[in-house]
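Asker: missing the sequence, but the structure's below:
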């Protein structure tokens, strides 16, 4: 019996590779940009977030089966909203960068982490389908464990980004001199913040790129329509 997911043209690996590509583009733009101001940081984040959010929302219809769509829908919605807000000129300030990116990192990280944990644990229900027989099939097929594990890792990295940005003083400023170059430069909080986002994008790009190209094992079939999985019901206490 062929599952619905195996018949799909696109699967989770395509979503991971698309996300990796946009994250890599953001990391490259920040790494090779001499300007780490709030305007540049918000512009890069806005493009990254809108593109990633569109991929996640498209995946709701073309990748994930019914019952497994809520993480992609929630993550895509939150990411697109963050990208659109960061594109507004009044928000492209130092405080705006920290507020928007921290909020997005925490919320999206929690969503992806929760989805991954639920997938690893499985969503099972025990219901009596006949006297003495209990149906132990999953309510929703959680998909391959590797996909859930990847979601846990990316979600945790997102939370780390939020925590790291929250620890950076937005008004921080330190002047230092490079004697060899005879230059005096200033290290600011926004420079550190934009750099942290660039590091996050680079880590996500590498991890999701590797995950997207890694071979996958088919998810184990827990039950079929012809032979539902069932276990004997636990005897009831006569008392």
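Answerer: Structure received. As the structure is a prediction and not an experimental result, all values here were calculated from the model.
Asker: so where is the chain shaky, pLDDT-wise?
Answerer: 1-8, 123-143, 181-182, 216-239 (pLDDT under 70).
Asker: this protein: helices as residue ranges?
Answerer: Counting by DSSP state H, one finds helices in the chain at the ranges 12-31, 38-62, 70-86, 94-121, 145-166, 189-213.
Asker: looking at these, which is nearest to residue 175?
Answerer: helix 189-213 (12.3 Å; CB to CB). In this view, the C-beta of every residue, glycine as well, is placed from N, C-alpha and C.
Asker: list the buried residues of that closest one.
Answerer: 189-205, 207-209, 211-212 (16 or more other CB atoms under 10 Å).
Asker: before we move on, what about stretch 53-63?
Answerer: Buried residues in stretch 53-63 (16+ other CB under 10 Å): 53-57, 59-60, 63.
Asker: before we move on, the earlier item: now the helices of the chain as CSV including distance to residue 179?
Answerer: Output for these, formatted as CSV (distance: least, CB to CB, whole Å):
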stretch, distance to residue 179
helix 12-31, 25
helix 38-62, 28
helix 70-86, 38
helix 94-121, 29
helix 145-166, 30
helix 189-213, 21
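Asker: go through those helices and name the closest to residue 178.
Answerer: If we rank those by CB to CB, the stretch that ends up nearest is helix 189-213, at 15.2 Å.
Asker: nearest to residue 177 among the helices of the chain would be which one?
Answerer: Comparison of the helices of the chain against residue 177 by CB to CB identifies helix 189-213 as nearest, at 16.3 Å.
Asker: now do that closest one: which elements does it pack against?
Answerer: helix 12-31, helix 38-62, helix 94-121, helix 145-166 (3 or more CB pairs under 8 Å, 6 or more residues apart in numbering; DSSP states H and E).
Asker: would you turn those helices into JSON lines with distance to residue 83?
Answerer: Listed next are the helices and strands packed on helix 189-213 as JSON lines, based on distance: least, CB to CB, whole Å:
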{"stretch": "helix 12-31", "distance to residue 83": "11"}
{"stretch": "helix 38-62", "distance to residue 83": "3"}
{"stretch": "helix 94-121", "distance to residue 83": "9"}
{"stretch": "helix 145-166", "distance to residue 83": "15"}
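Asker: nearest residue to residue 83 other than its sequence neighbours?
Answerer: With sequence-adjacent residues excluded and distances taken as CB to CB, 6 or more residues apart in numbering, residue 83 is closest to residue 49, at 3.0 Å.
Asker: residues near that neighbour, how many?
Answerer: 26 (other CB atoms under 10 Å).
Asker: among the helices and strands packed on helix 189-213, which comes closest to residue 173?
Answerer: Nearest of the helices and strands packed on helix 189-213 (CB to CB): helix 94-121, 10.9 Å.
Asker: relative to helix 145-166, how tilted is the closest one?
Answerer: 150 degrees (axes from the mean of the first three to the mean of the last three CA atoms, to 10 degrees).
Asker: now do helix 94-121: which elements does it pack against?
Answerer: By 3+ CB pairs under 8 Å, 6+ apart, helix 94-121 packs against helix 38-62, helix 70-86, helix 145-166, helix 189-213.
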